[in-house]
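Visitor: model this:
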Amino acid sequence: MSSRQDRLIHWLLGSLELDTTLFHLGQYCGSWKASISGLERSGFHLVLNGQCWLHLPDEKAPRHLQTGDAVFFLRDMPHTLSPVADPVQAAQAPRAAMSELDFSVTHSVGLACGFFEFRSALNRVFLGSFPDYVVIQAQGGELTELRPLFALILAEAKGSGQAPSPLITRLVDLLFYYVIRHLCQRQDVKAGLWSLLGRPEFAPLLEAIIEEPGHDWTVQAMADLTHMSRATFFKRFLQACGATPAHVLQQVRMKQASELIQDGVSLSRAAERVGYQSDGAFSRVFKKTTGVLPGAYRRACNADERA
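Guide: Residues are numbered from 1 along each chain as shown. Below you'll find the model as predicted:
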């Protein structure tokens, strides 16, 4: 990708408001099964030691996982981790309790499992077109830059004892950001705002909108910047991301507005800076996009700061 496209990816990564929590850290032995599904949350499994299989109802064959592998679920979906490949045996296995990590125990499987929470509905909008899940394998040729991060997580896990190190969740945050960037660079995202990053004809337009969200971005103005006719631009844009230019413009503007509100800019000024002369119109669009009114969003941000 070009340096411009990389800058856009980094802007989008910086816009994600992520909270990571560690749910389980320990090991399983014998017959067991584990899952973090059913709670309507994004989550992850890191294999710290040993090997297991990932079972997904809609896939015929389980995925083999071993030390250094990771699974990231961008949204809640049914799944099971098991020490056996046979789906019937995996389904019949008990939900055993985890014990403390002890890598000297043979045939054990060490896991770190947890959840991702996106603080803004805009994050879910931005990630809505991503794959349901991503498997990162330590032995693959991709994402080799993650290996030092995984080594740090493993070191923290080994030294955690009964109280998991708080650094583990911060390191998992970094893993997640690398995975998201990887998906964009590999162009695995086929719809939505992120899919435009792989299209060089649209990268200058996205950069211009981010730099000047308050500009009068009519479809004709966007088409002119991309050196296309209005009809050609609209057709290619829709094909590229599955959304209209106006919809994507609205997403970017509301993200910019949310950042301004967090920074203490008045609601009227934030509305003006992202292209809205009417506070009422801005409030309606903001609530439609984020699920809350701008004032409620500001109060929530203030409460988070006090907390």
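
Visitor: Enumerate every residue touching Leu238.
Guide: Each residue near Leu238 by CB atoms under 8 Å, 6 or more residues apart in numbering is listed here: Thr244. For every residue, glycine as well, the C-beta is placed using N, CA and C.

Visitor: Can you classify it as helix, strand or coil?
Guide: helix (DSSP: H, G, I helix; E, B strand; the rest coil).

Visitor: so where does Leu111 fall, helix or strand?
Guide: strand 109-118 (DSSP states H and E).

Visitor: which secondary structure elements does that strand contact?
Guide: If contacts are counted by 3 or more CB pairs under 8 Å, 6 or more residues apart in numbering; DSSP states H and E, strand 109-118 sits against strand 18-28, strand 42-49, strand 51-55, helix 146-158, helix 167-185.

Visitor: For Leu8, which of these is the nearest?
Guide: Closest approach to Leu8 among the helices and strands packed on strand 109-118 (CB to CB): helix 167-185, 8.9 Å.

Visitor: angle of the closest one against strand 109-118?
Guide: 70 degrees (axes from the mean of the first three to the mean of the last three CA atoms, to 10 degrees).

Visitor: going on from the least confident helix or strand in the chain by mean pLDDT, what's the next piece of helix or strand?
Guide: One helix or strand of the chain scores below all others by mean pLDDT, DSSP states H and E: helix 121-127, with a mean of 63. Counting by DSSP H and E, the element after helix 121-127 in chain order, helix or strand, is strand 133-136.

Visitor: Strand partners (parallel or antiparallel) of that following strand?
Guide: As defined by DSSP bridges, the strand partners of strand 133-136 come to strand 70-73 (antiparallel).

Visitor: Under the pLDDT cut-off, which ranges of this protein? List them.
Guide: 1-5, 119-129, 141, 160-162, 185-192, 198, 304-307 (pLDDT under 70).

Visitor: Got the domain ranges for it?
Guide: As assigned by automatic domain parsing, the chain contains the domains 16-185, 199-306.

Visitor: With Ile9 as the reference, name the closest of the ones you listed.
Guide: domain 16-185 (5.2 Å).

Visitor: Does anything pack onto the helix or strand hosting Ser258? Which helices or strands?
Guide: Assessed by DSSP H and E, Ser258 sits inside helix 245-262. Here helix 245-262 touches helix 121-127, helix 203-211, helix 219-225, helix 230-241, helix 267-273, helix 279-290, helix 294-306, going by 3+ CB pairs under 8 Å, 6+ apart.

Visitor: could you redo the last one with a cut-off of 7 Å?
Guide: The helices and strands touching helix 245-262, judged by 3 or more CB pairs under 7 Å, 6 or more residues apart in numbering; DSSP states H and E, are helix 121-127, helix 203-211, helix 230-241, helix 267-273, helix 279-290, helix 294-306.

Visitor: now those helices as JSON lines including distance to Gly159?
Guide: Converted to JSON lines, those look like this (distance: least, CB to CB, whole Å):
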{"stretch": "helix 121-127", "distance to Gly159": "32"}
{"stretch": "helix 203-211", "distance to Gly159": "42"}
{"stretch": "helix 230-241", "distance to Gly159": "45"}
{"stretch": "helix 267-273", "distance to Gly159": "45"}
{"stretch": "helix 279-290", "distance to Gly159": "40"}
{"stretch": "helix 294-306", "distance to Gly159": "30"}
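
Visitor: nearest to Val179, of the ones you listed?
Guide: With CB to CB as the criterion, Val179 lies closest to helix 121-127 of the helices and strands packed on helix 245-262, at 11.2 Å.
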